[in-house]
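**Q** here is my input, please return the structure:
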Amino acid sequence: MAISQNPITGRMRQKMSNVVFSTVFSQNVVRSKPLTVRNPKTAAQIKHREYFTKVVQLCKILKTDEGVAKRSSRTGRNPKMSAYSYLIKGFMNAEDRSLTTYKPTWWNVDIGPGDIGLTPLSYKIETGVLKVTWDKDFLPTNGAATDNLRLIVIDWETMEYHIVPNASQRQTGTGQVNLADRFTRTDTPKGVIAFFMNADKSKWSFEEPAFVTT
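**A** You can find the predicted model right below:
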């Protein structure tokens, strides 16, 4: 029931029927409530919320990585908040909704600027082992043979992840992760962010993320 001191000069509060009275900055405000409310738990809405939850989970994973935080701090903002920002924008604008289960289109994700030039990387999963290879004799701008390969591997379905700060040095030409040691399943596609950091961690590259299938 609405309570009114004076509907013109005084205050009105509470509600009457589908009308709600309130006071904002000493002014009476009248708002109407919708007579019907849409179902917030439709299959499409639940599906989208689950996808967004995965995006946030992924942000929480990646913002803990030193390389990701450093790259996103170039904007001058708090590096962890920047990691959230570019990942959320990248993934929410990059998902493939044509599939029953949303998959990230990793190549659309902005992973920020870097100081070391790009190195072409190749990926494959064989007998439960993720292998990353490159030409060990190729040296990009600002690159060095002692640069360390950093690997972040994520199972998009379960959100299990593993971060390898120093998978191998550039001069070896290969790096790998035994998926059976870290993931429930080794036969599902894995999202991989791989990049190089120099020995003193002051420079890093910005290779594009990859979605690797068996």
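**Q** going by C-alpha atoms from here, please, whenever you check contacts or count neighbours.
**A** OK.
**Q** tally of neighbours for H48?
**A** Counted by other CA atoms under 10 Å, the residues lying close to H48 total 14.
**Q** please renumber so the chain begins at 26
**A** Noted, 26 is the first residue going forward, which turns the last one into H73.
**Q** biggest helix in the chain by residues?
**A** Criterion DSSP state H: the longest helix present in the chain is helix 68-87.
**Q** for it, give the mean pLDDT please.
**A** Helix 68-87 shows a mean pLDDT of 78.
**Q** alpha carbons only: can I get that helix in CSV?
**A** C-alpha atoms of helix 68-87 as CSV (Å, rounded to 0.1, in the frame of the first residue of the first chain):
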residue,chain,number,x,y,z
ALA,A,68,17.9,-22.6,-22.7
ALA,A,69,19.5,-19.8,-24.7
GLN,A,70,20.1,-17.6,-21.7
ILE,A,71,21.5,-20.4,-19.6
LYS,A,72,23.8,-21.3,-22.4
HIS,A,73,25.1,-17.8,-22.8
ARG,A,74,25.6,-17.4,-19.0
GLU,A,75,27.6,-20.6,-18.9
TYR,A,76,29.7,-19.3,-21.7
PHE,A,77,30.3,-16.0,-20.0
THR,A,78,31.2,-17.9,-16.8
LYS,A,79,33.9,-19.7,-18.8
VAL,A,80,35.3,-16.4,-20.1
VAL,A,81,35.6,-15.0,-16.6
GLN,A,82,37.2,-18.3,-15.4
LEU,A,83,39.7,-18.0,-18.2
CYS,A,84,40.5,-14.4,-17.3
LYS,A,85,41.2,-15.5,-13.7
ILE,A,86,43.6,-18.1,-15.0
LEU,A,87,45.5,-15.9,-17.4
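**Q** neighbours of the closest residue to I218 other than its chain neighbours, how many?
**A** Distance criterion CA to CA, 6 or more residues apart in numbering; nearest residue to I218, sequence neighbours excluded, is P234 at 4.5 Å. Other residues near P234 come to 20 when the count uses other CA under 10 Å.
**Q** I'd guessed P234 sits against G216; true?
**A** Yes - between P234 and G216 there is a contact at 7.2 Å, judged by CA atoms under 8 Å.
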